[in-house]
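Peer 1: here is the input, now give the coordinates:
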Amino acid sequence: MNHLIPLKKGCKIGLAASSSPFNRAKFDKAIKLLKDCGYKPVYTKTIFNKQGFLAGTPEERAKDLLHLINDDEIPAIFFVRGGYGSIQLLPFIDKKDLGKKLENKIFMGYSDTTALYCYLYSKYNIPLFYGPNIISRYFNPKILEQLSKPRDLRIKVNILRRVGKVLQTKEPITAPIFGGCLSLLSGLVGTPYLKSLKGHILFLEDTGEAPYKLDRLLTQLLMSGVTKGIKAIAVGSMEKCDTPPYTWKDAVLRIAEEMNVPVISNIRAGHGGFDYPLPIGVKAKIDFASRELLIYSPFKHKKQ
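Peer 2: Residues are numbered from 1 along each chain as shown. Here you go, the predicted structure:
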């Protein structure tokens with residue numbers, strides 16, 4: 001796994017619009033925030049292109065993203081907005097071998113960016129940050145600060161389900177953590193851009209999906225074999241996913257029982273809000289005794 005270099009004041013941050021068009025006023029506000037925090041935002045004019053519900057053609061968006069990836073003077077790429085469309089870029093960026101160019105490159109985005117993340121992790125096994133897009137109301141100086149410090153992330157979690165040996169001994173689970181927006185993960189089933197997550201802790205979040213729809217998405221992942229052999233399910237912010245008397249927990253716990261895996265929640269990352277940019281594609285540990293999820297920092301630690 002690549003080890004990232006923390007953001008430094010004065011560095012360039014590339015901005016990519018890989019999905020839907022965005023509000024210009026919110027974009028300008030994010031640009032000011034980045035500059036006020038000491039960073040240099042970089043983007044092309046085509047970032048403002050519109051084609052219906054998309055921020056330009058797939059070719060234009062892919063070209064912009066590849067330009068940022070190939071620029072060695074840009075150590076980080078932040079995504080502007082989610083919505084829809086990043087899946088369209090995958091056949092275009094897959095034509096290039098990006099291995100060397102992705103080394104030490106920081107990525108941050110969420111929601112629709114999940115499609116890109118699945119591709120980047122499946123092919124290149126790189127760490128990524130599931131964090132707010134720049135026009136999100138959750139994008140703030142605190143998020144940027146956490147990308148500049150090489151610290152492990154410790155999250156107090158709720159234990160929704162224990163199983164087998166875990167129940168009896170409270171033995172920790174150590175495994176890579178990966179995932180994202182559930183509807184995007186499910187949408188990649190059957191494509192070459194989502195690899196098996198066997199041996200992983202599966203991170204999930206979503207918005208506006210009723211419990212029965214969540215069950216359908218989870219069932220599709222299960223039946224496809226993508227989630228066969230996962231170690232646990234870690235649930236992030238499930239925004240507007242309850243339709244009383246049922247909640248998102250009903251869907252997740254039903255699938256977890258079928259898979260016989262434990263479930264943890266209270267991870268503040270996703271459509272319902274961000275307390276931190278969540279590292280994915282990295283090693284993590286669930287400690288059931290202390291009710292803690294430890295995610296090891298993808299950053300290089302300075303030698304003492």
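
Peer 1: so Lys213 belongs to a strand, correct?
Peer 2: No. Counting by DSSP: H, G, I helix; E, B strand; the rest coil, Lys213 falls outside a strand, being helix.

Peer 1: from Lys240, how far off is it?
Peer 2: To Lys240, Lys213 is 12 Å away according to C-beta to C-beta, to the nearest Å. (C-beta placed from N, C-alpha, C; glycine too.)

Peer 1: pLDDT-wise, which helix or strand of the protein ranks last?
Peer 2: When the helices and strands of the chain are scored by mean pLDDT, DSSP states H and E, helix 164-169 comes last with a mean of 57.

Peer 1: after that helix comes which helix or strand?
Peer 2: Next in sequence after helix 164-169, counting helices and strands by DSSP states H and E, comes strand 173-181.

Peer 1: next structured bit after that next one?
Peer 2: That would be, after strand 173-181 and using DSSP H and E, helix 182-187.

Peer 1: rewinding a little: neighbour count for Lys213 and Lys240, which is higher?
Peer 2: Lys213 (18 against 13; other C-beta atoms under 10 Å).

Peer 1: quick check: pLDDT value at that one.
Peer 2: As predicted, Lys213 sits at a pLDDT of 98.

Peer 1: and for the one 10 residues further on?
Peer 2: We note a pLDDT of 97 for Met223 in this prediction.

Peer 1: in the helix or strand where it lies, what counts as buried?
Peer 2: Using DSSP H and E, the element containing Met223 is helix 211-224. Neighbour counts over helix 211-224 (16 or more other C-beta atoms under 10 Å) mark 211, 213-215, 217-218, 220-221 as buried.

Peer 1: need the contact partners of it.
Peer 2: By C-beta atoms under 8 Å, 6 or more residues apart in numbering, the residues outside helix 211-224 that reach it are 182-183, 185-186, 189-190, 206, 209, 227-228, 241-243, 246-248, 250-252, 254-255, 258-259.

Peer 1: in PyMOL, how would I select the buried members of those?
Peer 2: Remark: buried members of these, expressed as a PyMOL selection using 16+ other C-beta under 10 Å:
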select buried, resi 182+183+185+186+206+209+227+241+248+250+251+252+255+259
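
Peer 1: show me the contacts of helix 211-224 that map onto helices.
Peer 2: When the contacts of helix 211-224 are checked against helices (DSSP state H), the matches are 182-183, 185-186, 248, 250-252, 254-255, 258-259.

Peer 1: work out for me the element Ile123 sits within.
Peer 2: Not Ile; residue 123 is Lys. Residue-wise, Lys123 maps onto helix 114-124 under DSSP H and E.

Peer 1: re the thing from before, put the alpha carbons of the helix holding Met223 into PDB.
Peer 2: Coordinates of each C-alpha in helix 211-224 appear next as PDB, following Å, rounded to 0.1, in the frame of the first residue of the first chain:
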ATOM      1  CA  PRO A 211     -35.200   0.000   4.300                       C
ATOM      2  CA  TYR A 212     -36.700  -2.300   1.600                       C
ATOM      3  CA  LYS A 213     -34.500  -0.600  -1.000                       C
ATOM      4  CA  LEU A 214     -31.400  -1.000   1.300                       C
ATOM      5  CA  ASP A 215     -32.200  -4.700   1.600                       C
ATOM      6  CA  ARG A 216     -32.400  -5.000  -2.200                       C
ATOM      7  CA  LEU A 217     -29.000  -3.300  -2.600                       C
ATOM      8  CA  LEU A 218     -27.400  -5.400   0.100                       C
ATOM      9  CA  THR A 219     -28.900  -8.600  -1.300                       C
ATOM     10  CA  GLN A 220     -27.600  -7.800  -4.700                       C
ATOM     11  CA  LEU A 221     -24.100  -7.400  -3.300                       C
ATOM     12  CA  LEU A 222     -24.500 -10.700  -1.400                       C
ATOM     13  CA  MET A 223     -25.800 -12.700  -4.300                       C
ATOM     14  CA  SER A 224     -23.000 -11.300  -6.600                       C
END
